[in-house]
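**Student:** below are the sequence and a predicted model for it; my questions follow.
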Amino acid sequence: MAFFSEYQKLIARRYKNRELKKKYKESERLLNKASKTGSESMISKAMESHRTFEYALLYQNTPEFKYKFERRAKSNGKL
């Protein structure tokens, strides 16, 4: 899918869903903290991190990801 960057796809493959959710929540806290400071550069960095984890979570729900994951798991004998 062209909507997701290669980096977001990589993150989706590397982390389990619960780990991504934890990192997403952490990035949300950082985003709130950055917004309270008013620093645009801090907000920008926090938003970039937040977006990456959010899109990685979304990618894990796509049929493309599920197909590739199941195919790889079958070839490794895990299913």
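**Tutor:** It's in.
**Student:** what does stretch 4-19 rub up against?
**Tutor:** 20, 23, 52-53, 55-60, 65, 69 (Cβ atoms under 8 Å, 6 or more residues apart in numbering). Just so you know, the C-beta spots here come from the backbone N, C-alpha and C atoms, and that holds for glycine as well.
**Student:** tally of neighbours for H50?
**Tutor:** Applying other Cβ atoms under 10 Å, we find 20 residues neighbouring H50.
**Student:** and the pLDDT at it?
**Tutor:** According to the predicted model, the pLDDT of H50 comes to 96.
**Student:** could you measure from the nearest residue to it once chain neighbours are set aside over to E64?
**Tutor:** Spatial nearest neighbour of H50, chain neighbours left out: S27 (4.1 Å); criterion: Cβ to Cβ, 6 or more residues apart in numbering. Distance, S27 to E64, using Cβ to Cβ, to the nearest Å: 24 Å.
**Student:** of the two, give the one with the bigger neighbour count.
**Tutor:** Neighbour totals were compared for S27 and E64, and S27 leads with 19 against 11 (other Cβ under 10 Å).
**Student:** sounds good, over and out.
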